[in-house]
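Undergrad: I'd like to go over a predicted model; first the sequence, then the structure.
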Amino acid sequence: MARLIRMDGTGHTTLAEWTAADDIAFEEAVEEFRSQLELGYIGTVPEGPGKATHVRQLPREADMVIMRRPIAGG
Amino acid sequence: MTAGQALPELASVPWRTRTDARWLRRYQRLWHAWTLLYTVPFVAAGAGMIWLAPIATPVALVAAAHAWLIPELYAARGASVARPKGPRQERAEPVAQGLLGDLLGPPERQLQRDTGLALEPGELGTWLVGEAGALLLTNRGRTVHAFCVAATETDLPPSDRIAHLLLALRVDEEGFATVANHAFAGAPWRVRRRLPRRMRPALDVARRESSR
């Protein structure tokens, strides 16, 4: 089961879950992903030690997609 | 680290040159020269005063104190990027800690829990990621660069703040260093003694990793 997670003030919130075979659940996850992008979140797929990918569209095959806030120099 | 992907936050700093290994070496040399520039004149002036007029020894001691104090202040600035900052969010922190733990390997997870800093080997060097900044060990562990950078959402629990930086770093290491504000470059021992005692072992591990 793949998960769309948002890092927020609660630690993290699971926004959607889907499997590659479940089109309806995936479409709902895509909608949720888009609405998070509109709120200013950035989609990132962790890919094991030292690797992550920035995504602009929800990848169906990913195990976990994390929505994070932008970073900035302090 | 994933190569060839630009960090989206780079769009907010289009005027900055991309921070690569060459940039870091140049900055390291500049910081070294700058340290000498504001230290040597005070030491020379103090020594000159004592030589010319021993009665001026108290003034010479003040000059020597300046030569010691100014580099210490810069080192403190470097160490401050790693210190814990912001609300502790004690209810949300265990949940955030779980997610951060999933992003780290077992030894890095334990180190982060013990010290509050996440170790991340990179192409530029070995990183230690904190809640509002990161330290980068380069030059086989002989130089530390301090970067001030944080998630723009302020009410995140500490582990989520670290996870934000860690994910951005993993997407684009040079982009991460470019977005961050460079705060210090110098010898690790200068930063180490200004770090909270709990964090010092993380710097020792990063130095060892970097020197391999």
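TA: Nice, I can see it. Numbering: from 1, shown residues only, chains lettered A, B, ... in the order given.

Undergrad: Looking at strand pairing, list the partners for the residue nearest in space to the middle of chain B.
TA: The C-alpha lying nearest the average C-alpha coordinate of chain B belongs to B:Ala146 (CA atoms, centre = their mean; 2.3 Å). As for beta bridges, B:Ala146 partners with B:Leu135, B:Phe184 under DSSP bridges.

Undergrad: I figured it hits B:Leu135, correct?
TA: Yes. If you go by CB atoms under 8 Å, B:Ala146 and B:Leu135 touch, sitting 5.6 Å apart. C-betas here are computed from N, CA, C, even on glycine.

Undergrad: Can you give me the distance of whichever residue of chain B sits closest to chain A to A:Gly11?
TA: Nearest to chain A in chain B, going by CB to the nearest CB, is B:Val95, at a distance of 2.6 Å. Note on B:Val95: its distance to A:Gly11, by CB to CB, to the nearest Å, is 3 Å.

Undergrad: How about the residues of chain A by chain B?
TA: Residues of chain A lying close to chain B by CB under 8 Å from any CB of the partner chain are A:5, A:7-12, A:42, A:44, A:46-47, A:49-54, A:66, A:68-74.

Undergrad: could you redo the last one with a cut-off of 7 Å?
TA: A:7, A:9-12, A:42, A:44, A:46, A:49-54, A:66, A:68-74 (CB under 7 Å from any CB of the partner chain).

Undergrad: and these, which are buried?
TA: The neighbour count (16 or more other CB atoms under 10 Å in any protein chain shown) marks A:7, A:9-12, A:42, A:44, A:46, A:50, A:52-54, A:66, A:68-73 as buried among the residues of chain A next to chain B.

Undergrad: Which ones among those lie within strands?
TA: A:42, A:44, A:46, A:52-54, A:66, A:68, A:71-73 (DSSP state E).

Undergrad: name the element the residue lying closest to B:Ala63 once chain neighbours are set aside belongs to?
TA: Closest residue in space to B:Ala63, ignoring its immediate chain neighbours: B:Gly46 at 3.8 Å, by CB to CB, 6 or more residues apart in numbering or on different chains. B:Gly46 is part of helix B:21-52, with elements assigned from DSSP states H and E.
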